[in-house]
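Sequence and computational prediction follow.
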Amino acid sequence: MKTVGQLLQGKGYEVANIAPDKSLYDAMELMAARNIGALLVLEAGKLVGIVTERDYSRKAYMLDKSMRDVPVREIMTAQVAYVSPDYTTEDCMALVTQMRVRHLPVLENDKVVGIISIGDLVKDAISDQQFIIHQLERYIHGIR
């Protein structure tokens, strides 16, 4: 079973982020440019929230304002579920299921060191299953 740290070694540590006083328009533009569904909201290097496409679709329309006039802090999720690098991918699958979230920031000593998505976790699970299938096929066919 892989740890989040091992998963990040393969995936990379880059984290797309935005300041809470930036506009919702800036956030959506950045997500579109990077083809991602979430941005961590950082203030002075500290995690203060997460803004996702889901936040936009469920909250922004109720504000009745232009996206350029809405600061990210108005629609971001401030209570962020997060993990540390020593969590297992199985722990993370349970957490995203229980919390109904799609992204988990990775924090080490209160510092953001990465982010993993449910897609990363599914990709890892599929890779593990393919490895097991390959090993079983080799065993069945007598290949050692």
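Received the coordinates, thanks. Numbers count the residues shown, from 1 in each chain.

Would you mind measuring from the one residue sitting closest to the centre of the chain to residue 31?
By CA atoms, centre = their mean, the chain has its centre lying nearest to residue 103, at 2.7 Å. Distance of residue 103 to residue 31, given as CB to CB, to the nearest Å: 12 Å. Where C-beta positions appear, they are placed from N, C-alpha and C, glycine not excepted.

what do these two both touch?
Counting by CB atoms under 8 Å, 6 or more residues apart in numbering, the common neighbours of residue 103 and residue 31 are 37, 38.

In this protein, where is pLDDT below threshold?
127-133, 143-144 (pLDDT under 70).

Quick check: residue 41 is in a strand.
Yes: judged by DSSP: H, G, I helix; E, B strand; the rest coil, residue 41 forms part of a strand.

about what we covered before: wait, what's in contact with the residue nearest to the centre of the chain?
Taking CB under 8 Å, 6+ apart, one finds 37, 38, 50, 52, 115, 116, 117, 118 in contact with residue 103.

Tell me where the chain has helices.
4-11, 24-34, 53-59, 89-99, 118-140 (DSSP state H).

Report the buried residues of the shortest one.
Meaning helix 53-59. For helix 53-59, a neighbour-count test (16 or more other CB atoms under 10 Å) marks 53, 54, 55, 56, 59 as buried.
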